[in-house]
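Peer 1: show me how the following folds:
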Amino acid sequence: MLHILQTALELGFLYALVPMALFLSFRVLDIADMTTDGCFVLGTAVSVTMAAAGHPFLAIPTAMAAGVCAGFVTAFLQTRLGVPSILAGIVTNMGLYTINLMVMKWSANVSLLKTATIFTLFQQTGIGGQWYEALLAGAVVILAGVLLVLFLGTRLGLSIRATGDNIDMVRASSVNPTFTITVGLCVANALTALSGAMVGQYQNTADINGGTGIVVIGLACLIIGETILGRKSVVKGALAAVIGSIIYRFIYAIVLYTKIMPVQGLKLVTAVIVALAIAFPTIKNWVVFQQKKSARKKTYVAKGGRS
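Peer 2: Residues are numbered from 1 along each chain as shown. Coordinates of the predicted model:
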C-alpha cells in the first residue's frame, strides 16, 4: 500500500505541470489550448530520445524548447492567421503526431532499458533514500511553480493576465495582445513538454499515444484543486494545480489497490473521476441553492405564511 501511495505522489508531482500549464492558458489567457496532448508526447519523445543518446539532463531543456515551438505555432495560427483558438490547437496537435513519430525515428514506442536517466543519476547521490523520485519530481514542480508565479507578477506577466481578462482594454493600452498571447502559449506548452520529459524518463519509455486525454485529466486536476483552494490569486492557482494532481493520482491509486474494478476498466474510472471533478462546481452550486431555498421555505412557514 505504501509503495502505491508513493508512486501516486510521484506521478502527482510529475503530471502537476500539465494543470499548471492549463492554469496559464485556460484560466489566465482564457484560451482552450488543445495542443496539450501532442505537446506532452513531444516532450516525452524528445526527452527519451536524447536520454537514449546519452544526454538525460540536456534532454529536459531541449524538450521545453520543443514545447515552446509547439506553442508558437498554435499562437501564430490563432493570432496571425485568424484560426479560432480551439481549431488552432487541434491543427497543431494533428501535426505534432507526425512530428513525434519523426523524433522517435518512426517508432511508436522507444524504451530506455539500462540507460541512465535524471532519476537514476539523482539516485546515485543518495539524497532522499527510497523517496528520491518524489523528491526530485517535487523539487522540479515547486521550482516551476515559483517561477510561474514570479513571471506572472512581472510587467509582461500582468499584461498576459490583462489580455485574458479584457483583450480590448489591453489593445487600448498600447499593449500588443498578439505578443502576450504568443508568450503565454509558449510558456504553457513549455510546462506541458517539461511534464512529458520528466514522465518519459521516470517511466523509461515514450509512447506515441501516451498523451491521449491528458488535457481533460489536467483540467480535472485543476478544478479539483480550485474547489479546495479557490481561484482568487495566481499563487492559489499554481498550488491548486499541484494539489489537484496529487489528489487525482491518490484516488486512482486507491481504486487500483482495492481492485474495485479490473485493470481493463480503469479508463471508465478515469472518465468518472474527470466527469465528477468538472461537474463538481455545478453540483456544489445546486446544493447551496437547494439549502437556501429550503431555509427560505422554513422561514416562510414559521411566519405563518406571511412575507
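
Peer 1: and residue 115, how many neighbours?
Peer 2: 15 (other CB atoms under 10 Å). Heads up, the C-betas are built off the backbone N, CA and C, glycines and all.

Peer 1: residue 128 too?
Peer 2: Residues within reach of residue 128, counting by other CB under 10 Å, total 15.

Peer 1: and it, how far is that from residue 208?
Peer 2: In this view, residue 128 and residue 208 are 32 Å apart by CB to CB, to the nearest Å.

Peer 1: in the chain, which spans are strands?
Peer 2: With DSSP state E as the criterion, the chain has strands at 109-111, 205-207.

Peer 1: quick one: residue 19 and residue 222 touch, right?
Peer 2: Yes. Residue 19 is within contact range of residue 222, at 4.0 Å (criterion: CB atoms under 8 Å).

Peer 1: what residues do the two have in common as contacts?
Peer 2: 240, 241, 244 (CB atoms under 8 Å, 6 or more residues apart in numbering).

Peer 1: ok, which stretches of this protein are helices?
Peer 2: For the chain, applying DSSP state H gives helices covering 2-15, 17-22, 36-52, 56-79, 85-103, 118-123, 132-152, 155-165, 167-172, 177-203, 214-229, 234-258, 266-302.

Peer 1: can you list contacts of stretch 155-170?
Peer 2: Contacts of stretch 155-170 (CB under 8 Å, 6+ apart): 27-31, 151-152, 173, 175, 177, 180-181, 183-184, 234.

Peer 1: lowest pLDDT pick from the residues you listed?
Peer 2: Here the lowest pLDDT out of these sits on residue 173, with 83.

Peer 1: what distance do you get for that residue to residue 162?
Peer 2: If you go by CB to CB, the gap between residue 173 and residue 162 works out to 8 Å.

Peer 1: okay, the two: which has more neighbours?
Peer 2: Using other CB under 10 Å, the more surrounded residue of residue 173 and residue 162 is residue 162, with 17 against 11.

Peer 1: against residue 270, how distant is the nearest residue to residue 11 once chain neighbours are set aside?
Peer 2: Closest residue to residue 11 apart from its sequence neighbours, by CB to CB, 6 or more residues apart in numbering: residue 249 at 4.8 Å. For residue 249, the distance to residue 270 equals 11 Å [CB to CB].

Peer 1: who's more crowded, the two?
Peer 2: Ranked by neighbour count (other CB under 10 Å), residue 249 and residue 270 place residue 249 first, with 23 against 18.

Peer 1: that concludes my questions; thank you for your assistance.
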